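In: here is my input; please provide its structure:
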Amino acid sequence: MASIKPFKAIRPAPDKVSFVASRSYEEYDKKELKAVLAYNPYSFLHIINPGFKYHRNSSGEERFKLVRNRYLEFLEESTLIRDLEPCFYLYQISKNDFSSLGLFCITSIEDYRKNIIKKHEDTIEKRVSLFKDYLNTVGFNAEPVLMTYEDKTAIRQVLNREIKHTPAYDFTTTDGFKHTMWKVSSIESIQKLEMAFDEIQELYIADGHHRSASSELLLKELEHQKSGNSNSKQYFLSYLIPESEIKISGFNRMLSDLNGLTKQEFLVRLDEFFLIEHKKYMGVLPKSKHQFTMYLEDEFYILQLRKNIIQFEDALSRLDTYILYKTILKPILGIEDLTRDKRISYSQGKADLLELKESIDNGPYKVGFSTAPISIEEIKAIADEGLVMPPKSTYIEPKLRSGLTIYEI
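Out: As a prediction, the model looks like this:
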């Protein structure tokens, strides 16, 4: 059973929330980041990028301490405020036909250890250790771990009742997304949500594997040291959404060469595993599982995996990104390590054939591939079997704003 708890959030003052909340740091290019830091003194990016104040690039422990300092300054200046009572926070993000209503809360590291909170991605030990040191110094979680749960009527009923109240925040960002947040402070609603989630057997991490792993590593280190009061460090900030409201897209894969093969030799090698349909200049996204779109030398192809060519043994072997690796990327194009080989690149964000075409026509790439989006059922099956997806298998939405709710640890 999943254990969730309310918490006393540190959050933006209502009149400054639209200025404070930012996209994830990694989503800004250098030019845009510099502009935001120069013209928006309230942006949460000033906390994450504290050296800007001194025109200095800092790293390691020095940077972590400066992050802590900028955070304390935001509190002292009342750009950030403290809630005095533990609450849940409902957060809805919507644009056009997409809408997701989820719950900010804190979740248990013990549930993570017991595999009640389930993972489907591998983590890099060095990165987890770095994040652990960061958390220990700055003393807060600002970007939640995004997790999904099975749709439950009892949870939906509480959420639907709470969103009828006046929201704490209601604003629209320049990218067209509408952001609305409600405080859930009534004891009755808090207890109903805790009891409803107690009936949930598993939570599945959709985004934030390194953040959750670093929180667990920090607690483990403190337990080993037998440090004083580490109760707050037994939890990490999370955002929970029902499975029906998560949106999953794919990544394109682009290769810089054909591993010494000519176009004709490459197509012959593909013929062993795939039925090949030459679409010429008509780009068509994959319409079903085990189907791939390929762009090669100004033309599109549809690759359909031949029947019975692969013996499916588990959830991973059925996954399209894994099939692409096992049939093309590794044996034909010679890509062994999907994370370190510089011959392979991935599109940023949602897969798009125009982006794929332009990257190859105008860039250093020779061939590109697009897959159908992976389903939430596939993600759960991978997690349930304790397996790990290939990197860049999923692009998950919603993408949450940083700094909306902060959990002090």
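In: so residue 49 versus residue 16, what's the distance?
Out: Separation of residue 49 from residue 16 (Cβ to Cβ, to the nearest Å): 18 Å. From N, CA and C alone the C-beta is placed, and that goes for glycine too.
In: more neighbours: which of these two?
Out: residue 49 (22 against 18; other Cβ atoms under 10 Å).
In: I'd say that one and residue 33 touch.
Out: Yes: between residue 49 and residue 33 there is a contact under Cβ atoms under 8 Å: 7.1 Å.
In: shared neighbours, those two?
Out: Shared contacts of residue 49 and residue 33, defined by Cβ atoms under 8 Å, 6 or more residues apart in numbering, comprise residue 25.
In: quick one, what contacts residue 254?
Out: 344, 345, 346, 347, 356, 359, 360, 363, 365, 367, 368, 369.
In: how does it look with 7 Å?
Out: Counting by Cβ atoms under 7 Å, 6 or more residues apart in numbering, residue 254 makes contact with 345, 359, 360, 365, 368.
In: how about a markdown table for the residues you listed, with pLDDT and distance to residue 21 added?
Out: A markdown table is the format used below for these (pLDDT from 0 to 100; distance: Cβ to Cβ, whole Å):
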| residue | pLDDT | distance to residue 21 |
| --- | --- | --- |
| 345 | 93 | 30 |
| 359 | 87 | 31 |
| 360 | 92 | 36 |
| 365 | 94 | 35 |
| 368 | 95 | 34 |
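In: farthest pair within these?
Out: 345 and 360 (10.6 Å; Cβ to Cβ).
In: the contacts of residue 254 in strands, which ones?
Out: Using DSSP state E, the members of the contacts of residue 254 that fall in strands are 345, 368.
In: neighbour-wise, which of the contacts of residue 254 leads?
Out: residue 368 (23 neighbours).
In: test my guess that that one contacts residue 295.
Out: Yes: the criterion here is Cβ atoms under 7 Å, and residue 368 meets it with residue 295 at 4.7 Å.
In: who touches both of the two?
Out: Contacts common to residue 368 and residue 295, judged by Cβ under 7 Å, 6+ apart, are 356, 360.
In: start to end distance for stretch 110-117?
Out: 9 Å (Cα to Cα, to the nearest Å).
In: so which bits of it are buried?
Out: 111, 112, 116, 117 (16 or more other Cβ atoms under 10 Å).
In: what are the bridge partners for the last one, then?
Out: Okay, so that is residue 117. Beta-bridge pairing for residue 117 (DSSP bridges): residue 203.
In: distance of it relative to residue 223?
Out: Counting by Cβ to Cβ - residue 117 and residue 223 are separated by 18 Å.
In: equivalent analysis for the second one, please.
Out: Residue 112 is 14 Å from residue 223, where distance means Cβ to Cβ.
In: give the buried residues for the worst-scoring helix or strand of the chain on mean pLDDT.
Out: Ranked by mean pLDDT, DSSP states H and E, the weakest helix or strand in the chain is helix 353-362, scoring a mean of 89. Within helix 353-362, the residues that count as buried by 16+ other Cβ under 10 Å are 353, 355, 356, 357, 359, 360.
In: nearest to residue 75 among these?
Out: For the buried residues of helix 353-362, the nearest to residue 75 is residue 355 (41.1 Å; Cβ to Cβ).
In: where's the closest one relative to residue 400, distance?
Out: Distance of residue 355 to residue 400, computed by Cβ to Cβ: 23 Å.
In: run through the protein and note the low-pLDDT ranges.
Out: Residues of the chain that meet the criterion pLDDT under 70 lie in 227-230, 349-351.
In: mark out where each domain of this structure begins and ends.
Out: 4-248+397-408, 251-393 (automatic domain parsing).
In: which phi and psi does the nearest residue to residue 299 once chain neighbours are set aside have?
Out: With sequence-adjacent residues excluded and distances taken as Cβ to Cβ, 6 or more residues apart in numbering, residue 299 is closest to residue 280, at 5.4 Å. Phi and psi for residue 280, reported as degrees, to the nearest 10, are phi 60, psi -110.
In: who does residue 280 form a beta bridge with?
Out: residue 300.
In: surely it and residue 301 touch.
Out: No: using Cβ under 7 Å as the test, residue 280 is too far from residue 301 to be in contact (9.0 Å).
In: the two: which is more packed in?
Out: A direct count of neighbours by other Cβ under 10 Å for residue 280 and residue 301 places residue 301 higher, at 20 against 9.
In: how close does that one sit to residue 257?
Out: In terms of Cβ to Cβ, residue 301 sits 18 Å off from residue 257.
In: secondary structure element holding the nearest residue to residue 235 once chain neighbours are set aside?
Out: Once flanking residues are discounted, residue 235 sits nearest to residue 106: 3.9 Å by Cβ to Cβ, 6+ apart. Using DSSP states H and E, residue 106 sits within strand 98-108.
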